[in-house]
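**Student:** all I have is the shape, not the residue letters:
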């Protein structure tokens, strides 16, 4: 993920002429923190919707289903979304020219 982030930041600098490495990395860090919190809350909501009760020794069928959703289906769905997004991340096609242009102080269209 971090390699893709740096490639995207470098491409953005070449594309629009602004170096935003600091802002890009800060935004990434912020989004990871927010995503971690939102993800934790969402998993709790799914478990609560299924009737999960940590105090019970035996969980209900709906609670077991919610556990299966949280620990199997959510990761599968998010992984599929990530693979689809990566299929559209085609910066590698341009990256050689991007680095070459930036090393010469040029940007897109110059």
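**Tutor:** Received it, and whenever you're ready, just let me know what you need. Computed from a predicted structure; not experimentally measured.
**Student:** what about the lengthiest helix in the chain, distance to the chain center?
**Tutor:** In the chain, taking DSSP state H as the definition, the longest helix is helix 21-49. Offset of helix 21-49 from its chain centre (C-alpha atoms, centre = their mean, to the nearest Å): 9 Å.
**Student:** also stretch 54-63?
**Tutor:** Worked out by C-alpha atoms, centre = their mean, stretch 54-63 lies 32 Å from the chain centre.
**Student:** cool, stretch 70-86 as well?
**Tutor:** On C-alpha atoms, centre = their mean, the centre of stretch 70-86 falls 11 Å from that of its chain.
**Student:** what comes up buried for the longest helix of the chain?
**Tutor:** With burial defined by 16 or more other C-beta atoms under 10 Å, the residues of helix 21-49 counted as buried are 24, 28, 46, 47. Every residue, glycine included, has its C-beta placed from N, CA and C.
**Student:** any chance of those in CSV, with distance to residue 64 and pLDDT too?
**Tutor:** Formatted as CSV, the buried residues of helix 21-49 follow (distance: C-beta to C-beta, whole Å; pLDDT from 0 to 100):
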residue, distance to residue 64, pLDDT
24, 42, 92
28, 36, 94
46, 13, 96
47, 11, 96
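**Student:** thinking again about what came up before, from the contact counts, what lies against the longest helix of the chain?
**Tutor:** Packing partners of helix 21-49 (3 or more C-beta pairs under 8 Å, 6 or more residues apart in numbering; DSSP states H and E): helix 2-16, helix 61-68.
**Student:** in TSV, list those helices along with mean pLDDT.
**Tutor:** TSV is the format used below for these (pLDDT from 0 to 100):
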stretch	mean pLDDT
helix 2-16	89
helix 61-68	96
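**Student:** figure out which of those helices is closest to residue 101.
**Tutor:** In terms of C-beta to C-beta, the element of these nearest to residue 101 is helix 2-16, at 5.9 Å.
**Student:** per-residue confidence for residue 39?
**Tutor:** Residue 39 carries a pLDDT value of 93.
**Student:** the one 5 residues further on too?
**Tutor:** Predicted confidence (pLDDT) for residue 44: 95.
**Student:** relative to residue 98, how far out is it?
**Tutor:** Distance, residue 44 to residue 98, by C-beta to C-beta, to the nearest Å: 42 Å.
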